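Visitor: for reference, the sequence and a predicted model appear below.
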Amino acid sequence: MSRKPDIQTMLWMYKHMVLSRRYEEALAEAYLEGKQPLFNMANGPLPGEMHLSNGQEPCAVGVCAHLLDHDVVTATHRPHHIAIAKGVNLRAMTAEIFGKQTGLAGGRGGHMHLIDPAVNFACTGIVGEGLAPAAGAALARKMRGEDGIAVAFIGEGAANQGAFHETLNLAAVWNLPFVCVIEDNSYGISVPKGAATSVLHNDVRAASYGIRGYHVEGNDPLRIYEVAGEAIERARAGKGPSLIEIETYRLAGHFMGDAESYRPAGEKDALFARDPIPKFRQELVDAGAASSDDLLWIEEDAKSCVAELIDFAKAEAYAPVQEALEKVFV
């Protein structure tokens, strides 16, 4: 059975990659308001840290193209690309990032703690802590005899956390409909993967738990789609959990304001030369899946959509101060 995407799916993937990129570009512009020329994280309409996922868009679309609303996804502190691909309400998400009352959590969570029950998406700023809730959701589905799987996205640094090993062990013992996706962007903050991880690729760790492991090179959305399709199909068929490690990269720093002095000279230029969006765009044109005009329309539509989202969020009201501690533990 071929798992190659059809033309409509490829266009959906491209659309959501572009939308994610334009969304983060607009967030970056808003984030820097009030923070220049002297950078102060506390200033501007978006205080605090901001983690961008530009460069990692293939991971999100390649996996989420196979998912349904009732499938559960947990993500990391770098969540925007995954939230967008999973179908999170973008108006409410943008309002949340701006700390507004109409946000997903009433402005309480910010960009690292997005949650949208309508599409079963959540993320956390704590490294590796989305793993156990995702496995718990998979267990609940299995015990109730319900359809649906759970996917936990983590970074390669989280594969060294205790939660990673504990979750994979129980997911294997209980044969859960669970998939762990590791986005290997080479750095845990500023620490290179090779300086902190004893194995070259984390997919080999799957054998320790008797589950299927996959490794995907090249940050290629089509290859990610094929591999994720097999792992998700196995989960839906009751064949147990899988572990997928995807070689990807972030085109920005760990957070906005990161000087990135840990990167070797020339690394960023080399990464931008392999930017997955223009590469995928050319592949679609060469394959006859779309014309340049078709893709230009997608790109212009993404810009218009994002501009409307930012204007909406900026205009929304902040929650009354007296509500700051309400619903915190609900």
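Guide: Received, thanks.

Visitor: element containing residue 256, please.
Guide: When secondary structure is defined by DSSP states H and E, residue 256 falls outside every helix and strand.

Visitor: how much space between it and residue 36?
Guide: For residue 256, the distance to residue 36 under the criterion Cβ to Cβ, to the nearest Å works out to 11 Å. From N, CA and C alone the C-beta is placed, and that goes for glycine too.

Visitor: the two - which one has more neighbours?
Guide: Set side by side, residue 256 and residue 36 show more neighbours around residue 256, with 19 against 10, by other Cβ atoms under 10 Å.

Visitor: who touches that one in this structure?
Guide: When contacts are counted by Cβ atoms under 8 Å, 6 or more residues apart in numbering, residue 256 touches 28, 31-32, 49-52.

Visitor: can you give me the helices in the stretch 51-200 of the chain?
Guide: Remark: helices of the stretch 51-200 of the chain, listed N- to C-terminal, are 57-64, 80-86, 90-97, 131-144, 162-173, 193-196; assignment by DSSP state H, counting those that start in this stretch.

Visitor: what average pLDDT does the longest one get?
Guide: What helix 131-144 shows for mean pLDDT is 97.

Visitor: from the contact counts, what lies against it?
Guide: Helix 131-144 makes packing contacts with strand 72-75, strand 150-155, helix 162-173, strand 178-184 when contacts are defined by 3 or more Cβ pairs under 8 Å, 6 or more residues apart in numbering; DSSP states H and E.

Visitor: now it and strand 150-155, what's the angle there?
Guide: Direction vectors for helix 131-144 and strand 150-155, defined by axes from the mean of the first three to the mean of the last three Cα atoms, to 10 degrees, enclose an angle of 170 degrees.

Visitor: what's the angle between helix 131-144 and strand 178-184?
Guide: Relative orientation of helix 131-144 with respect to strand 178-184: 160 degrees, computed using the same axes, to 10 degrees.

Visitor: next one: helix 131-144 to chain centre, how far?
Guide: How far helix 131-144 lies from its chain's middle: 20 Å, per Cα atoms, centre = their mean, to the nearest Å.

Visitor: hey, C-alpha coordinates of stretch 303-316 in PDB?
Guide: Once side chains and other backbone atoms are set aside, the C-alpha atoms of stretch 303-316 remain, and they are given as PDB (Å, rounded to 0.1, in the frame of the first residue of the first chain):
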ATOM      1  CA  LYS A 303      -0.200  36.700   4.500                       C
ATOM      2  CA  SER A 304      -3.700  38.100   4.500                       C
ATOM      3  CA  CYS A 305      -4.900  35.500   7.100                       C
ATOM      4  CA  VAL A 306      -2.000  36.200   9.400                       C
ATOM      5  CA  ALA A 307      -2.400  40.000   9.200                       C
ATOM      6  CA  GLU A 308      -6.100  39.600  10.200                       C
ATOM      7  CA  LEU A 309      -5.200  37.400  13.100                       C
ATOM      8  CA  ILE A 310      -2.600  39.800  14.500                       C
ATOM      9  CA  ASP A 311      -5.000  42.800  14.100                       C
ATOM     10  CA  PHE A 312      -7.700  40.800  15.800                       C
ATOM     11  CA  ALA A 313      -5.500  39.800  18.800                       C
ATOM     12  CA  LYS A 314      -4.100  43.200  19.300                       C
ATOM     13  CA  ALA A 315      -7.600  44.700  19.400                       C
ATOM     14  CA  GLU A 316      -9.000  42.200  21.900                       C
END
